[in-house]
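Undergrad: 3D model of this:
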Amino acid sequence: MDVLNLPRPAWMSEDVTMLEEQSRRFIASEFVPHIDRWHEQGMYEREVWTQAGAAGLLCAAMPEEYGGSGGTFAHEAVINRELSLAGFDSFGAPLHSGIVAPYILHYGTEEQKRKWLPKLATGELVGAIAMTEPGTGSDLQGVRATAKKSGNGYVLNGAKTFITNGQHANLIIVVAKTDPKVGAKGVSLMVVETDGAQGFRRGRKLKKLGMDSADTSELFFDDVALPAESLLGTEEGQGFIQLMTELPQERLIVAVHAVAMIERAVALTIDYVKQREAFGKKIIEFQNTQFTLAECKSEATVAKVFLDHCIGQHIEGKLDTVTASMAKYWLTDSQGKIIDRCLQMFGGYGYMDEYPISRMYRDARVLRIYAGTNEIMKLLIARSL
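TA: As a prediction, this is how the structure comes out:
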């Protein structure tokens, strides 16, 4: 599915290209046949994680010494793109591999890295990060969850919501206050292994506008006793800095998802209008169709070129917060507009759930909200003016 006909960016080395092809084949054979069923039942099976791990689709950028594939963000990007091109938008692997695992790699102790990263790479552990609370979204300084010192460890209390991988996750990074009196300086990241954790419970799998088979959930921590080693790193109060440092990659992951969905929407629509007839001719023969899809392809091409630039910058360690914010805001906004125009080309069928464009229209909406709303992105960009 290469409707844009762009040359491969410089960061797509031979091994990245091979991974892209391998990922495409695996996803097509092992995941695509089940996507409709997962959509209908509202959940995919836990075994999907271990399948993905065995195929090398998890933690591709983690060092080999910690069980990963020893790649870079380029490897993560092509895996994420292939998942979305195949229509498996609800799988939480991009968060698991590109957000949860890097927190442990960058801030964990050697013992923590050796304990958790290999199991994340195999899918034995499924990762989640619990930031959002019922009354706290983008304002992470306002979290109310607390991790209070108790003996040699901590006692964790709080409620989290909108948590990706919430029903499957058994390793959860929880944003909590270890010192509620000092604002952002009192935020720490606590790593909770949920298997057998007394006081931890999963709430309902949330019913959403889109991403039907994603296990987005509420999580509750009621006097959960944690060992001292659950603090990510060695020093309390570093959580807010850790979060801010990792957010550019999180936003770039969202941008990768957005552009892949744009590519898929344009490709599906071009294929449809070449087959569908109205008033005695193919829909593609109408000038309105041609003009609309010419606009979509042009905007999609600009989006992909900008994304590839940002990925290249990130691999070189040069992607700043402002540019990452631009990518997240502009590419997800473009995604919504392009998919909307593509759906219109399908007429009434575009409104029917069995048509992928209908699901994409619903699934796309959340990308403008999570990883920091697009309004927050504009604030961050404005500070650079």
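Undergrad: quickly list the domain ranges of this protein.
TA: Following automatic domain parsing, the chain resolves into domains at 14-125, 128-237, 241-382.
Undergrad: and of those domains, who's closest to Leu4?
TA: domain 241-382 (5.2 Å; Cβ to Cβ). (Glycine included, C-beta is placed from N, CA and C.)
Undergrad: show me how far the closest one is from its chain's centre.
TA: How far domain 241-382 lies from its chain's middle: 14 Å, per Cα atoms, centre = their mean, to the nearest Å.
Undergrad: need the distance between the two termini of it.
TA: 21 Å (Cα to Cα, to the nearest Å).
Undergrad: now stretch 131-145
TA: 9 Å.
Undergrad: any idea of the mean pLDDT for that stretch?
TA: Mean pLDDT, computed over stretch 131-145, is 82.
Undergrad: so how far is it off the chain centroid?
TA: On Cα atoms, centre = their mean, the centre of stretch 131-145 falls 19 Å from that of its chain.
Undergrad: show me what the strand or helix carrying Lys148 is packed against.
TA: Lys148 belongs to strand 146-150 when elements are defined using DSSP states H and E. Applying 3 or more Cβ pairs under 8 Å, 6 or more residues apart in numbering; DSSP states H and E, one finds that strand 146-150 contacts strand 153-163, strand 171-177.
Undergrad: next up, the contacts around the residue nearest to Thr321 when sequence neighbours are not counted.
TA: Closest residue to Thr321 apart from its sequence neighbours, by Cβ to Cβ, 6 or more residues apart in numbering: Pro248 at 5.5 Å. Neighbour list for Pro248: 314, 319-321, 324 [criterion: Cβ atoms under 8 Å, 6 or more residues apart in numbering].
Undergrad: and those residues, which two are the farthest apart?
TA: Pairwise distances across those (Cβ to Cβ) peak at 11.6 Å, for the pair His314 and Thr321.
Undergrad: and Leu252, how many neighbours does it have?
TA: 27 (other Cβ atoms under 10 Å).
Undergrad: now the closest residue to Gly92 other than its chain neighbours: how far from Phe91?
TA: Of all residues not flanking Gly92 in the chain, Asn165 sits nearest, at 4.1 Å (Cβ to Cβ, 6+ apart). Using Cβ to Cβ, to the nearest Å, Asn165 is found at 9 Å from Phe91.
Undergrad: then Arg8?
TA: Taking Cβ to Cβ, one finds Arg8 at 25 Å from Phe91.
Undergrad: just the helices in this protein please.
TA: Here the chain has its helices, by DSSP state H, at 14-30, 35-41, 47-54, 73-85, 93-95, 101-107, 110-122, 239-275, 287-315, 321-345, 356-364, 374-382.
Undergrad: would you mind pulling the contact partners of the fifth one?
TA: Helix 93-95 is contacted by residues 49, 52, 57-58, 76, 79-80, 83, 127-129, 164-165, 253, 256-257 when judged by Cβ under 8 Å, 6+ apart.
Undergrad: list the contacts of the closest residue in space to Lys282 that isn't next to it in sequence.
TA: Excluding its sequence neighbours, the residue lying closest to Lys282 (Cβ to Cβ, 6+ apart) is Lys274, at 6.1 Å. Residues near Lys274 by Cβ under 8 Å, 6+ apart: 282-284.
Undergrad: lowest-confidence helix or strand of this structure?
TA: Every helix and strand in the chain was compared by mean pLDDT, DSSP states H and E; the lowest is strand 277-278, with a mean of 93.
Undergrad: can you tell me what sits against that one?
TA: With Cβ under 8 Å, 6+ apart, strand 277-278 has contacts from 283, 286.
Undergrad: each with direction, which strands does it pair with?
TA: strand 281-282 (antiparallel) (DSSP bridges).
Undergrad: pLDDT of the strand it pairs with, averaged?
TA: Here strand 281-282 scores 96 as its mean pLDDT.
Undergrad: quick one: which of His314 and Thr321 has more around it?
TA: Each of His314 and Thr321 has its neighbours counted (other Cβ under 10 Å); His314 has more, 22 against 17.
Undergrad: so the more buried one makes contact with Thr72?
TA: No: if you go by Cβ atoms under 8 Å, His314 and Thr72 don't touch, sitting 9.0 Å apart.
Undergrad: what residues do those two have in common as contacts?
TA: Going by Cβ under 8 Å, 6+ apart, no residue sits against His314 while also sitting against Thr72.
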